[in-house]
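A.B. asks: I would like the atomic coordinates for the input below:
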Amino acid sequence: MNKHFVFGLAAVGLTLSIAGATAQGPARPGAASPASIGKIAPARIAVVDLAAVVRAVSGAAGESIDSLRAKRMAELDRQRIDVHALEMKITEGSGTMTAQARQDLLQEIRRKRDALQEAELRAVGEISTRTRFTEDSIRAHIKSMAAALGYQLVLERGAAGVIFSAPSIDITADVVKSLQSKPAK
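C.D. replies: Next up, the predicted model:
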C-alpha cells in the first residue's frame, strides 16, 4: 500500500472526525465547543510562598517550629556529649580499668546510645508532625481565602513548575496577615 494513500486516508478521517465533533457540539457537559474556544473568561491566579507563611505564623499558636527544632537539637547535643564522655573514659582508662568496670561502662554506653537514637526519632517525628499540621492548616486557610477572594488557581512559589510570577499576584503577605489576625485556637 502506498504511503501517500495511507496518509491521505488518515487526513480524511481526521477531517471527518473534527467535522462530526463540530456538528455535534461539545462531547461532554462543561466541555468547550469549537465555537467557544478563545472565549474563556480570564482566570484569577495567585502565588503563595508556603515556606515563608509557615515561618511567619508557625509560632502564632505557641512554640515555633524553629524554636522547637533548636530546643530538641540542644537536648540531643547534651546526650551526644554524655556518650562521647563515656567513650573517652574507656579510651583513657583502658590500661587501668578492670574488665568488669570496662564491661559496665560499655553497657552504659550502649544504653545511652539507644536512648539517644530513640530521642532523635522522637524529635524528628515531633517536628515533622508539627510542620505537617501547620502546613495542612495553612493550606486549608489559603483554599478558603482564595475562594472568598475569587481566585481560581493558587500556585506555590518555589514548587516545581513555578519559574516566575509577577509580584502583583503574590498573596503571601495577605495570607500571613490573615492568619496572624485569626484568633488562636
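
A.B. asks: which stretches of this protein form helices?
C.D. replies: For the chain, helices defined by DSSP state H occupy the ranges 3-24, 50-57, 65-92, 99-149, 172-181.

A.B. asks: And for the shortest one, what's in contact with it?
C.D. replies: Spelled out, that is helix 50-57. Helix 50-57 has contacts (C-beta atoms under 8 Å, 6 or more residues apart in numbering) with 65-66, 131, 134-135, 138-139, 142, 156-159, 172, 175-176, 179-180. Placement of C-beta: from N, CA and C, glycine included.

A.B. asks: Would you mind checking those residues for buried ones?
C.D. replies: When neighbours are counted using 16 or more other C-beta atoms under 10 Å, these contain these buried positions: 65, 134, 138, 142, 156-157, 172, 175-176, 179.

A.B. asks: which of those residues lies closest to I109?
C.D. replies: I65 (32.1 Å; C-beta to C-beta).

A.B. asks: Verify the stated contact: the closest one with T129.
C.D. replies: No - with contact defined as C-beta atoms under 8 Å, I65 does not reach T129; the gap is 10.4 Å.

A.B. asks: before we move on, the earlier item: now the helices of the chain in CSV, with distance to S165 and mean pLDDT?
C.D. replies: Below are these laid out as CSV (distance: least, C-beta to C-beta, whole Å; pLDDT from 0 to 100):
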stretch, distance to S165, mean pLDDT
helix 3-24, 35, 37
helix 50-57, 13, 80
helix 65-92, 25, 91
helix 99-149, 15, 89
helix 172-181, 10, 86
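
A.B. asks: Quick one, which of the ones you listed gets closest to I40.
C.D. replies: Evaluated with C-beta to C-beta, those place helix 3-24 nearest to I40, the distance being 17.9 Å.

A.B. asks: what sits opposite E156 in the beta ladder?
C.D. replies: Legend: beta-bridge partners of E156 under DSSP bridges are V48.

A.B. asks: how far away is it from K143?
C.D. replies: Distance of E156 to K143, computed by C-beta to C-beta, to the nearest Å: 12 Å.

A.B. asks: Same question for L153.
C.D. replies: L153 sits 11 Å away from K143, going by C-beta to C-beta.

A.B. asks: what does stretch 112-121 rub up against?
C.D. replies: By C-beta under 8 Å, 6+ apart, the residues outside stretch 112-121 that reach it are 75-76, 79-80, 82-83, 86.

A.B. asks: can you do 6 Å?
C.D. replies: Identification of contacts with stretch 112-121 by C-beta atoms under 6 Å, 6 or more residues apart in numbering yields 76, 79, 82-83.

A.B. asks: I appreciate the help and will end here.
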